[in-house]
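Asks: kindly return the folded structure for what I paste below:
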Amino acid sequence: SQSRYGNIEKNTTYRDGVILISATGAAGQTKLVRLEGCVIRDNRSTSIFGNGGAIMVHDYPMVKMLDCLLERNRAAKGGALHVYASEEPNEASPLVTVVGCEFRENEAVVSPDTDGDGFLNYGTGGAIYANGEGILLNIAGSVFEGNSVDPMGMQDPTLGILTGFGGAIFAAVGAEVKVANSVFYENHSHGSGGAVGVAHWPGTSETVASVFLYHCTFTHNWSRWGGAVDNFLGQLSGHGNIFYDNRSIDGYGYVSDVNNGISTTHGPSQSSISHSLTTLGWFFGNTGTGLVAGNPGFVSVTDPDGPDGIYGNEDDGLRIRAGSPAFSLVDAVLPPDFADLDGDNDFVEPVPWDFAGSTYGERPYQAGAYQSLAPSSNDLEPPVLHLMGPNPMIVQLGATFTDPGAIVRDNKDAARIVYAEVPLNTGILGIQFLTYQAQDEAGNSAVPLTRTVNVVSDDSFDSDGDGLTDAWERGYGRYELVQGIVTGK
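Replies: From the prediction side, this is the model:
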């Protein structure tokens, strides 16, 4: 069956997907379902065990999703898409291919402990949940933005923490998930895996789930464990990715392997991240190869899809500039075209193009979802900084200090005010220097400016500007005038 350019909006189901794609019978009797250019938004699965707020794929259909938008859908497991394989013998499992789709603001919800076993019904997979032996989920050229696992304020009764798994994608129990040339931006989970989570439960006999990440860009994702990716006893592989400015809410790192890298806590996980760029060069758990620390030099990390609001164009903010450490980072290995992007039924040839449709050119390749660099800019003139307020300045010891800032003026961009990167510490006597820096939208850097501030202890100083010296107020108490009545404070 096939659906093209349809809208499926504001529907509610009790449990299994507003769109339920299922097959029964002997293995080999597969159904082929194709969804192309569909908008699927604001659908809900209301049960605490709800599977797939928009779509549930069960048992062994073949499903292909092309250029679809799945937005603001909600369920307990897989806010937008739930892929499940039953445990019945002699039955095949689903093969789901997702190409050029956008998953935005979908949500998996943590629900209460209804069976009294002491555990919450964890929300898993803000956008996609894949669980079952033999599942093959292939994703290429897609966007995952703003998806989440929301604990609804509930805490795990054993751990005492907010919980949930896989802000965008979660895989378990033998599922195999491959993702290439895709963007993960501002996804989050209050438990583990801000963007992607993979897990295997100790003591079970199921096949270990696996996730493969190729030439993807992860930025501004966050979670308690593994701001970008968390691997709990599963298998995680990655090559040619960018992990930049992903956060763990308790202060830990960017790509974690089992609870901030303490893999011996729950047994060994199998992880291998190679030839990738990380913010601080951190990789918890198994060590990777070819990892490079550094800022990738995005055009604008705060505007990932550019001024036109459409991903895959030349103005995309997550393209990287020339000179980025992500350029020429990756060796000559490209992933196979497992999603068959060019439609030639060759699934083993190298992937033909990147997230934006640019053909992979001369080797070696650059890390991240984009192969082509950001277009060169005609703006080569740097901005200019001007200090606001006096320089130097004198501040009384312990007083409250307000940074006057510096104004940035540019030949093309609007004027703005920037502040010192490191604030003044008024608890330390002596001279301190405040440094101001700025870049314009084209990446040109201004000449930094410095303000000199002297923190002093002077009895004649009037810190609060009330006309009474600090020495007098220390000796006789601080006073304030309220409606003409002098009162002690």
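
Asks: what's the least confident helix or strand in the protein, going by average pLDDT?
Replies: One helix or strand of the chain scores below all others by mean pLDDT, DSSP states H and E: strand 255-257, with a mean of 40.

Asks: let me see the contact set for residue 217.
Replies: Contacts for residue 217 (C-beta atoms under 8 Å, 6 or more residues apart in numbering) come out as 182, 183, 184, 185, 241, 242, 244, 318, 355, 368, 369, 370. Heads up, the C-betas are built off the backbone N, CA and C, glycines and all.

Asks: quick check, nearest of these to residue 191?
Replies: In terms of C-beta to C-beta, no member of the contacts of residue 217 lies closer to residue 191 than residue 184, at 16.7 Å.

Asks: what about that closest one, neighbour count?
Replies: 32 (other C-beta atoms under 10 Å).

Asks: now swap in the one 4 residues further on and tell me
Replies: Close neighbours of residue 188, defined as other C-beta under 10 Å, add up to 25.

Asks: my read: it touches residue 167, true?
Replies: Yes: Residue 188 lies in contact with residue 167 (C-beta atoms under 8 Å); the separation is 4.7 Å.

Asks: overlap in contacts, those two.
Replies: Counting by C-beta under 8 Å, 6+ apart, the shared contacts of residue 188 and residue 167 are 148, 149, 194, 221, 223.

Asks: the residues you listed in strands, which ones?
Replies: Among those, the members falling in strands (DSSP state E) are 148, 149, 223.

Asks: of these, which is the nearest to residue 414?
Replies: Lowest distance from residue 414 to these (C-beta to C-beta) belongs to residue 148, with 32.2 Å.

Asks: look up which residues are beta-bridged to residue 385.
Replies: Beta bridges link residue 385 to residue 408, judged by DSSP bridges.

Asks: and it, how far is that from residue 436?
Replies: 6 Å (C-beta to C-beta, to the nearest Å).

Asks: which of those two has more neighbours?
Replies: Using other C-beta under 10 Å, the more surrounded residue of residue 385 and residue 436 is residue 436, with 23 against 19.

Asks: can you give me the pLDDT of residue 322?
Replies: Listed pLDDT for residue 322 reads 73.

Asks: wait, I meant residue 89
Replies: Looking at residue 89, the pLDDT reads 53.

Asks: next, show the common contact partners of residue 385 and residue 436.
Replies: 406, 418, 448, 449.

Asks: which one (most neighbours) among the residues you listed?
Replies: Counting by other C-beta under 10 Å, top hit in those: residue 406 with 26 neighbours.

Asks: identify the residues contacting that one.
Replies: Residue 406 neighbours (C-beta under 8 Å, 6+ apart): 385, 386, 387, 388, 417, 418, 419, 436, 438, 449.

Asks: so the nearest residue to the fourth one once chain neighbours are set aside versus residue 433, what's the distance?
Replies: Going back to what we said before, that points to residue 388. Closest residue to residue 388 apart from its sequence neighbours, by C-beta to C-beta, 6 or more residues apart in numbering: residue 404 at 4.4 Å. Residue 404 sits at a distance of 15 Å from residue 433 (criterion: C-beta to C-beta).

Asks: before we move on, what about residue 387?
Replies: Distance of residue 387 to residue 433, given as C-beta to C-beta: 12 Å.

Asks: neighbour count: those two, which is higher?
Replies: Using other C-beta under 10 Å, the more surrounded residue of residue 387 and residue 433 is residue 387, with 15 against 12.

Asks: residues contacting that one?
Replies: Applying C-beta under 8 Å, 6+ apart, we find residue 387 in contact with 404, 406, 436, 449, 451.

Asks: of the residues you listed, closest to residue 232?
Replies: residue 436 (43.7 Å).

Asks: pretty sure the closest one is touching residue 451, no?
Replies: Yes: checked against C-beta under 8 Å, the pair residue 436 and residue 451 is within contact range at 7.4 Å.
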